[in-house]
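Chemist: 3D, please:
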Amino acid sequence: MKQNQTKQTIYIRILGAFLLTYLVLMAGFTFFLIDREKKIVTMELGIFARHVNNNVTEILQEQVNSQNQIEDIVKFKKELIRQLSFLTHSGTEMAVFTGDYELIFNTNDYLVCSYAERVEGTKHYTGYAYLNLREWFDDQEITELEHYLSAEPRAKEAGDLSGYSVSLEGFWLDNEMVIPDEIRVVPMHASSFDEEGNVISAGGTHDDNNVIYASGYQDNRDLPYFEHGGIQGRNNPDYDRLSLAKLREMVIDKEKLKAAVQDIISLSENRSEGRRNFFNYQYYLAIPYKNAVDMIDSQEPYSEFWTAMAREVDLWDRCASTLAFVWGSCLLAFIMVAWILARQTYKTYQKSEALESQRQEMTNAQAHDLKTPLSIISGYAQNLLENVHTEKREHYAEHILTNIDRMDKIIQTMLNLSKLESDSWQIKLAEVSLNEIGKKMISRYQPVCEEKSIMPQLEGEAGIKADPTLMERVMDNFFVNALEHTPDGGIIRIKITENKLALYNSGSHIPQEKLQEIWQPYKKADMSRGDTKGTGLGLSIARGILESHKFPYGAENTDDGVVFWFKFE
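Modeler: Residues are numbered from 1 along each chain as shown. Reported below is the predicted structural model:
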């Protein structure tokens, strides 16, 4: 239960810290990206505005006289209408004022119409004018007409409906405004397609089945009448009409223009912006005729004409894909890193807990191992001080020395294990004969083997590059462990192959769940395997030596005994 709570706490804290860091970084990145996009939009709008003003200037220069007065205002407006598709794309609204801030032209939500204005020889001149549907048709008719103008049915084969042709069937021209007689709607059917399935040609028939809208106008002003005209649609069909209407109010506001002119600093810096919400900004610019101003006596900027422009920019549309990708990819990366870090932290915690538990067990075991000889030494020393059984003084002294040697052995073993675990032991590599070490072990413990009627066996030979002293210590610990757990009359066999040494001893098995624990200090297998008299550190020292040499090692049960082994190159 405690382990699960600790694991949960570690994961929650690390994931929480990473999530908070992620949110802070992503918020900072979002503000940075939006600010950068604002600067880009400002630059783009400035460039676009200068192009528009240059076009307006060219049109004005063709229409004004030597006193900078527009001679034919209708012609001027028609020329501007002709170029509206360029002048007002990207949801831009514009207006043109005189130097006295009188409005002479502004964009609106009217439909743009084209017609054959005149013919000179073989040359046809196209004229452009506005059509205000609301002046001539009711709301239902306007809704239907707008549907026909914007409809884009998906044609899949020849003969399918691909759209509608909406045209003027007779109209009067009142300056720059069209007064419709009738509007005819002709269904268009696809006749051919390109390789991608897009319609490249379509046709329709003028007949009695066509939808016709009549305005009912009766001309009594002797206005010029034209038989046919085309309807091109609105300038900004993809933009919100309410937003465009607000921009239109901005550009025709005389007072706003005056304020902008008063604040003018340079030809390219006369712009202002207003934020509708976090992502939506409205930009307003006032640009002088010929991109130049005169300073009159009152030191007020003056120009013969002013062009006012306004545009609303949705920064979310511009930044959404980038933000979605960065937020998503970074979230995935942060979660992965946080999970890996939490997992490694929990593993480190588990190792720390295991190490602390191991240290406590070692301390208890060491105290127990040292307590016995200390108790014996204390008893014998007390007898010597009190002159009890004086005839046994030599016996007492001998046992005191024996237990001191035992304590010294325990302490030295613990120091050696500590050195191995702290990597402070200097390994001196040399050519080592495992067969020679095996013979030395058998010779060293021959009296014990004879006492227990054990027949040690040695097979094979291999030379390895290792520390001779440490390798001898490993095999000594393996052999002593085998001696302690081999029953009388049993077998100990050392088998050396090309890349492995295996030491087998007959006897009882080690429980399967203990095969990994026996390499830890003071971890012993089933007590039925023998009456252990060692320090409990032998296999731990062997493990440290083998790991320092990077030799794989292990223990496994066989049919009638146990094998301890290690591999080498």
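
Chemist: looking at the protein, which strand is longest?
Modeler: Using DSSP state E to define each element, the chain has its longest strand at strand 161-174.

Chemist: could you list the paired strands of that one along with their orientation?
Modeler: When pairs are called by DSSP bridges, strand 161-174 turns out to pair with strand 177-180 (antiparallel), strand 182-193 (antiparallel), strand 225-233 (antiparallel).

Chemist: so which of those gets nearest residue 61?
Modeler: strand 177-180 (25.2 Å; Cβ to Cβ). (Glycine included, C-beta is placed from N, CA and C.)

Chemist: now do the closest one: everything it contacts.
Modeler: 113, 129-132, 136, 168, 170-173, 213, 215, 217, 219, 223, 229 (Cβ atoms under 8 Å, 6 or more residues apart in numbering).

Chemist: emit the PyMOL select command for whichever of the residues you listed are buried.
Modeler: The buried residues among those can be selected in PyMOL (16 or more other Cβ atoms under 10 Å) with this line:
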select buried, resi 113+129+130+131+136+168+170+171+172+173+213+215+229
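
Chemist: quick check: mean pLDDT of the one helix or strand residue 85 maps to?
Modeler: Here residue 85 sits within helix 84-87, counting by DSSP states H and E. Mean pLDDT, computed over helix 84-87, is 74.

Chemist: let's test this: mean pLDDT of the helix or strand where residue 443 lies, rounded?
Modeler: Assigned by DSSP H and E, residue 443 belongs to helix 434-444. What helix 434-444 shows for mean pLDDT is 92.

Chemist: again, but for stretch 155-171
Modeler: Stretch 155-171 comes out at a mean pLDDT of 93.

Chemist: list the buried residues of it.
Modeler: 155, 162, 163, 164, 165, 166, 167, 168, 169, 170, 171.

Chemist: my guess is the second one contacts residue 151. True?
Modeler: In other words, residue 162. No. Using Cβ atoms under 8 Å, residue 162 is not in contact with residue 151, being 9.5 Å away.

Chemist: re earlier: for residue 434, find the nearest of the strands paired with strand 161-174.
Modeler: Of all these, it is strand 182-193 that lies closest to residue 434, at 83.7 Å by Cβ to Cβ.

Chemist: show me which residues of the closest one are buried.
Modeler: Neighbour counts using 16+ other Cβ under 10 Å place 183, 184, 185, 186, 187, 188, 189, 190, 193 of strand 182-193 among the buried residues.

Chemist: angle of whichever helix or strand comes after it against strand 182-193?
Modeler: Next helix or strand after strand 182-193 toward the C-terminus (DSSP H and E): strand 199-203. Here the directions of strand 199-203 and strand 182-193 differ by 130 degrees (axes from the mean of the first three to the mean of the last three Cα atoms, to 10 degrees).

Chemist: list the helices and strands strand 199-203 packs on?
Modeler: strand 161-174, strand 182-193 (3 or more Cβ pairs under 8 Å, 6 or more residues apart in numbering; DSSP states H and E).

Chemist: save these as CSV, and put in distance to residue 318 too.
Modeler: Supplementary listing: these in CSV, determined by distance: least, Cβ to Cβ, whole Å:
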stretch, distance to residue 318
strand 161-174, 30
strand 182-193, 34
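
Chemist: next one: residue 433 from residue 456, what distance?
Modeler: Distance of residue 433 to residue 456, computed by Cβ to Cβ, to the nearest Å: 17 Å.

Chemist: higher neighbour count, those two?
Modeler: Using other Cβ atoms under 10 Å as the criterion, residue 433 and residue 456 rank with residue 456 on top: 23 against 15.

Chemist: quick one: the strands in the stretch 251-400 of the chain, in order.
Modeler: Applying DSSP state E, counting those that start in this stretch to the stretch 251-400 of the chain gives strands spanning 271-275, 280-288, 294-295, 301-302, 305-314.

Chemist: for these, which has the smallest mean pLDDT value?
Modeler: Among the strands of the stretch 251-400 of the chain, strand 271-275 scores lowest, at a mean of 62.

Chemist: just to revisit the earlier point, which secondary structure elements does the helix holding residue 443 sit against?
Modeler: Using 3+ Cβ pairs under 8 Å, 6+ apart, the elements in contact with helix 434-444 are strand 455-459, helix 468-485, strand 491-496.

Chemist: least reliable of these by average pLDDT, please.
Modeler: Across those, helix 468-485 gives the lowest mean pLDDT, at a mean of 89.

Chemist: which strands and helices sit next to that helix?
Modeler: Applying 3+ Cβ pairs under 8 Å, 6+ apart, one finds that helix 468-485 makes contact with strand 430-433, helix 434-444, strand 491-496, strand 500-506, helix 538-548, strand 561-567.

Chemist: tell me the mean pLDDT for stretch 562-569?
Modeler: 93.

Chemist: hey, C-alpha coordinates of that stretch in CSV?
Modeler: Extracted C-alpha coordinates of stretch 562-569, given in CSV (Å, rounded to 0.1, in the frame of the first residue of the first chain):
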residue,chain,number,x,y,z
VAL,A,562,23.4,-26.7,-7.5
VAL,A,563,25.8,-25.0,-10.0
PHE,A,564,27.4,-21.7,-9.5
TRP,A,565,28.9,-20.2,-12.7
PHE,A,566,30.4,-17.2,-14.4
LYS,A,567,31.3,-16.5,-18.1
PHE,A,568,34.2,-14.8,-19.6
GLU,A,569,35.6,-13.8,-23.0
